[in-house]
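# show me the folded form of this:
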Amino acid sequence: MGTSLGGTHRLHFTEVGPRDGLQNLDLDLQTETKLALVERLLDADIDLIEATSMVSPRWVPKMADAEQLLSALVAARGHGVLRRLRVLVPNQRGLERALATGAVHVVANIGATESFNHANLRQGVEETLVELARMAELARAQGCTFDVGISCSFGCPFEGRVAPDRVAELADRLADLGVSEIGIADTIGVADPRQVSSLIEHLARSGVGAEQLALHLHDTRGMGLANALAAYESGILRFEGSVGGIGGCPFAPRATGNVCSEDLLHMLVRVGAETDVDLEGLCQAATYLEEVLDRPLPGRLYRAGIWEGPSSPA
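Below is the predicted model:
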């Protein structure tokens, strides 16, 4: 598996634990606890933190305190903190709520299949594309960065394998909307390294380059890190992960945790990537979360410790 990387290999990392990680837990956390987690992640110099979601509390009750959390973060860190926070907005109403808080960076999702899009967003894919176009225009008018993730880019829990052409079609249409970053999500953790490399190459041929793509991986079947390495070697420098490896999608059956942030970054640094993230601080955030949840987390680095030995030769 060859690499298409050239020049600097500096990563851009988005931590999704406070949103994607916490939304599927079997217990409710107080806003103060979420605040403490996000503050630890900020202290670890994460590039971007997906702090919460403006989803209806009827669908995801654990995100019901979205406005309170953002307000508390601004009170603790000043308005400048909003530049390091991203908010999930499932629809135009969610975007309006986010903008009302002062949010300057949001992300929406679209399913690669009709079945998943209906399960997640209660509408068809074409309907979502029409709404995303309106949302992109509103975000642009407000000076807000607008990202979109493509859920189930490799496989759907209802329809099975997803063809690369389908993902490329959606990515092309999102690029035409002026989306800042297009997330490729393995929502149910079915991808393998060759599929990852192949899809990235397919997207490049369709006109969507690696510089606009981010990888959102789940470790459901234990291939999250291998898939991340394949993506990195194919030129991807934008990744998402969840502290401690917690998380999962409430609308995808048996979709267990996201790839673990600190494990992922440690691996990529070992093979030559550069990051400003403080890995020790990130491990400390995972330890804090373990204490709060009173259970071991799926991640390994925060328990084993950072290895400082020599890397393998290139």
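# show the pLDDT at residue 264.
Looking at residue 264, its pLDDT is 98.
# average pLDDT for the lengthiest helix in the chain, rounded please.
Counting residues, the longest helix found in the chain (DSSP state H) is helix 125-141. For helix 125-141, mean pLDDT is 98.
# spatially central residue for the protein, please.
Among the residues of the chain, residue 240 comes closest to the average C-alpha position under CA atoms, centre = their mean, at 4.1 Å.
# please enumerate residues in contact with the helix or strand harbouring it?
If you go by DSSP states H and E, residue 240 is part of strand 238-241. Applying CB atoms under 8 Å, 6 or more residues apart in numbering, the external contacts of strand 238-241 come out as 11-17, 50, 181, 183, 213-217, 228, 231-232, 258-261, 263-265, 268. Any C-beta I mention is one placed from the backbone N, CA and C, and that applies to glycine too.
# buried ones among those?
Buried residues within the contacts of strand 238-241, defined by neighbour count using 16 or more other CB atoms under 10 Å: 11, 13-17, 50, 181, 183, 213-217, 228, 231-232, 258-261, 263-265, 268.
# among those, which are in strands?
Among those, the members falling in strands (DSSP state E) are 13-15, 50, 183, 213-217.
# the residues you listed: which two are farthest apart?
Across those, the longest distance by CB to CB is 17.9 Å; it joins 15 and 213.
# quick one: stretch 103-118 to chain centroid distance?
12 Å (CA atoms, centre = their mean, to the nearest Å).
# and it, how far apart are its ends?
27 Å (CA to CA, to the nearest Å).
# what is the burial count for residue 310?
Residue 310 is flanked by 7 other residues according to other CB atoms under 10 Å.
# now do the same for it: helix, strand or coil?
Recorded secondary structure, residue 310: coil (DSSP: H, G, I helix; E, B strand; the rest coil).
# same check, this time on residue 55
coil.
# distance from the strand holding residue 240 to the middle of the chain?
The mean C-alpha position of strand 238-241 is separated from the chain mean by 6 Å, CA atoms, centre = their mean.
# ok, now stretch 27-35?
20 Å.
# what lies in contact with it?
Contact with stretch 27-35 is made by 18, 22, 52, 61-62, 65, 68-69, 72-73, 76, 292-293, as judged by CB under 8 Å, 6+ apart.
# how about stretch 292-307?
The contact list for stretch 292-307 (CB under 8 Å, 6+ apart) reads 25, 27, 29, 33, 37, 219, 243-246, 256-257, 260-263, 266, 270, 279-280, 282-284, 286-287, 289-290.
# put the buried members of those into a ChimeraX selection.
Only the buried members of these end up in this ChimeraX selection, burial being decided by 16+ other CB under 10 Å:
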select :29,37,219,243,244,245,246,256,257,260,261,262,263,266,279,282,283,284,286,287,289,290
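# can you tell me which of the contacts of stretch 292-307 are in strands?
Assigned to strands by DSSP E, none of those qualify.
# using a markdown table, lay out the ones in strands among the buried ones among the contacts of strand 238-241 together with pLDDT.
Shown next, in a markdown table, are those (pLDDT from 0 to 100):
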| residue | pLDDT |
| --- | --- |
| 13 | 98 |
| 14 | 98 |
| 15 | 98 |
| 50 | 98 |
| 183 | 98 |
| 213 | 98 |
| 214 | 98 |
| 215 | 98 |
| 216 | 97 |
| 217 | 96 |
